[in-house]
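In: sequence and predicted structure are below.
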Amino acid sequence: MRRNALAALGCALFAATCFSAPASAQTPGDFDYYVFTLSWSPGFCDTGGAAKQPSQCASGAGAGFVVHGLWPNSRFGPNPEDCGSGASAPAEALRLTDGVYPDEGLARYEFRKHGACSGLDAEGYFTAVKRLHDVIAIPDALRTPHEAQRFAPDDIVTAFVAANPSLQADDMAVTCGRGELIDVRICVAKDLAGFAQCPPKVAGHTCHAASISVAPLR
């Protein structure tokens, strides 16, 4: 019943991006579900991300949760990547990513590496990313913390579920590294009609520490 309710949200919320994917193997659109990943910038930066995204990690950047990616995933076997043979995103599509990704360079990379596998063009893909970014509520305690906090990973899941009535605990995973929160991964139906139960290959990344540090904004 919950999936039917989400389907009603589905093409009303994501109308511009609903599509019928081709079924042939090794082609764009050949996947089972998406993983929408929100990086916790302070944790990402503390665990090696500063070298990859210096602007995101600079002192005073003030970045909290940012979109890392919307990844087409296969339930079994390897996930599709690099489907577009160097696919590039035009400037008009990249304008949709302002304030969504930490910078345009990551948006370009994500479309080339993952987005081209979705079966959507760059505009459709970034429209889906932006709408997910806009519709998923960040729990109040994790919006703009200016002091270090500690949470059990399950408490982070509970907070996201409370802030997003259509989300359930088995639709997401919380990852950690070096004792810090790194990201939140939310499984989304292939037709973008709502959230989806994460299979073991995603759920298996859930952090099992008793508690983890949520580093404050820089």
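Out: Nice, thanks for sending it over. Residues are numbered from 1 along each chain as shown.

In: for the closest residue to residue 96 other than its chain neighbours, what are its contacts?
Out: Excluding the flanking residues, the one nearest residue 96 by C-beta to C-beta, 6 or more residues apart in numbering is residue 126, at 4.1 Å. C-betas here are computed from N, CA, C, even on glycine. By C-beta atoms under 8 Å, 6 or more residues apart in numbering, residue 126 lies in contact with 89, 93, 94, 96, 97, 100, 107, 111, 115.

In: between those residues, which sits nearest residue 55?
Out: Nearest to residue 55 out of the contacts of residue 126 is residue 107 (C-beta to C-beta; 13.0 Å).

In: follow-up on the earlier one: filter the contacts of residue 126 down to the ones in helices?
Out: Using DSSP state H, the members of these that fall in helices are 93, 94, 107, 111.

In: which one of these sits closest to residue 152?
Out: Distances from residue 152 to these, taken by C-beta to C-beta, are shortest for residue 107, at 32.7 Å.

In: separation between that closest one and residue 68?
Out: Taking C-beta to C-beta, to the nearest Å as the measure, residue 107 and residue 68 are separated by 11 Å.

In: any idea which helix or strand comes after the lowest-mean-pLDDT helix or strand in the chain?
Out: Least confident helix or strand, the chain: helix 2-13 with a mean of 44, by mean pLDDT, DSSP states H and E. Using DSSP states H and E, the helix or strand that directly follows helix 2-13 along the chain is strand 33-40.

In: quick one: stretch 88-105 to chain centroid distance?
Out: Its chain's average C-alpha position is 15 Å from that of stretch 88-105, according to C-alpha atoms, centre = their mean, to the nearest Å.

In: give me the low-pLDDT residue ranges for the protein?
Out: Segments of the chain classed as low confidence (criterion: pLDDT under 70) are 1-26.

In: do that again at 80, thanks
Out: The model of the chain has pLDDT under 80 over residues 1-26, 84-86.

In: longest helix in it, please.
Out: Per DSSP H, the chain has its longest helix at helix 122-135.

In: orientation of that one relative to strand 33-40 in degrees?
Out: Interaxial angle of helix 122-135 relative to strand 33-40 (axes from the mean of the first three to the mean of the last three C-alpha atoms, to 10 degrees): 60 degrees.

In: what residues does stretch 199-213 touch?
Out: Defining contact as C-beta under 8 Å, 6+ apart, one finds that stretch 199-213 is touched by 33, 35, 43, 73, 75, 148-153, 170, 173-176, 179-181, 185, 187.

In: now swap in stretch 70-77 and tell me
Out: Outside stretch 70-77, the residues that reach it (C-beta under 8 Å, 6+ apart) are 31-37, 79-80, 110, 114-115, 117-118, 125, 128-129, 132, 188, 190, 199, 201-202.

In: please repeat the previous calculation with a cut-off of 7 Å.
Out: The contact list for stretch 70-77, computed with C-beta atoms under 7 Å, 6 or more residues apart in numbering, reads 31-37, 79-80, 114, 117-118, 128-129, 132, 199.

In: mind listing what's buried in it?
Out: Within stretch 70-77, the residues that count as buried by 16 or more other C-beta atoms under 10 Å are 70, 71, 72, 73.

In: ok, residue 35 to residue 198 distance?
Out: Taking C-beta to C-beta, one finds residue 35 at 8 Å from residue 198.
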